[in-house]
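# 3D, please:
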Amino acid sequence: MKPLAIVVTLLGLLGTPVLAQEDPVRGPGREELVKLIDAYVLSNLQETLELSDEQFVKILPLVKKWQGNRRAHQQRRMASLGEMRRLFETGAATEPRIGELLRSLKQADLDEQAALRKDIEAIDAQLSVVQQAKLRIFEMRVQQRLREIIERQRQQGAGPRQRRAPGEEP
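Modelled structure (predicted):
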């Protein structure tokens with residue numbers, strides 16, 4: 001079975017919305033799915049990149065750090081955006097507070113670029129040029145497939161939040 005097909009099958013078998021909170025009826029929540037995706041990436045890394053055992057041992061902590069940093073920065077970014085949305089929805093938005101949140105959002109974006117560049121450079125230092133290219137393609141395929149899964153879940157009405165027009169009742 002192709003590696004991406006394994007992720008899709010795994011998520012399909014779980015029968016869960018990708019971003020849901022823990023729900024005994026629908027299955028595992030976001031944290032468990034993050035762990036499953038991380039496990040998938042790490043378990044397929046050696047084969048996909050054709051890493052030697054020595055390379056794999058060296059690259060494993062670097063890839064874990066890269067994934068963790070990406071996730072932490074995304075959470076920081078989403079927290080600022082979520083707070084802005086909440087302030088606008090409740091009518092509590094003030095220019096100073098929105099300005100502060102925008103600065104935080106911009107700083108998160110800058111921090112993310114620098115940290116992820118550093119992470120990928122550390123990983124690349126352990127890989128051949130061909131392996132670096134394979135990593136980029138592998139990452140692209142995993143991200144693309146996850147976006148497709150998330151979109152399909154949202155279209156099926158199983159997403160964590162359904163988009164509503166401002167002022168519309170839940």
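# For the rest of this, base every contact and every neighbour count on C-alpha atoms.
OK.
# buried ones in the longest helix anywhere in the chain?
In the chain, with assignment by DSSP state H, the single longest helix is helix 53-90. By neighbour count with 16 or more other C-alpha atoms under 10 Å, helix 53-90 contains the buried residues 56, 59-60, 62-64, 66, 69-70, 73, 76-77, 80-81, 84.
# same for it, what does it pack against?
Applying 3 or more C-alpha pairs under 8 Å, 6 or more residues apart in numbering; DSSP states H and E, one finds that helix 53-90 contacts helix 30-49, helix 95-124.
# between these, which has the poorest average model confidence?
Among the helices and strands packed on helix 53-90, helix 30-49 carries the lowest mean pLDDT, a mean of 84.
# buried sites along it?
For helix 30-49, burial by neighbour count (16+ other C-alpha under 10 Å) applies to 30, 33, 37-38, 40-42, 45-46, 49.
# helices or strands up against it?
When contacts are defined as 3+ C-alpha pairs under 8 Å, 6+ apart, helix 30-49 packs onto helix 3-14, helix 53-90, helix 129-155.
# Now render these as JSON lines, adding distance to Lys106 and mean pLDDT.
Below are the helices and strands packed on helix 30-49 laid out as JSON lines (distance: least, C-alpha to C-alpha, whole Å; pLDDT from 0 to 100):
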{"stretch": "helix 3-14", "distance to Lys106": "33", "mean pLDDT": "40"}
{"stretch": "helix 53-90", "distance to Lys106": "9", "mean pLDDT": "91"}
{"stretch": "helix 129-155", "distance to Lys106": "23", "mean pLDDT": "89"}
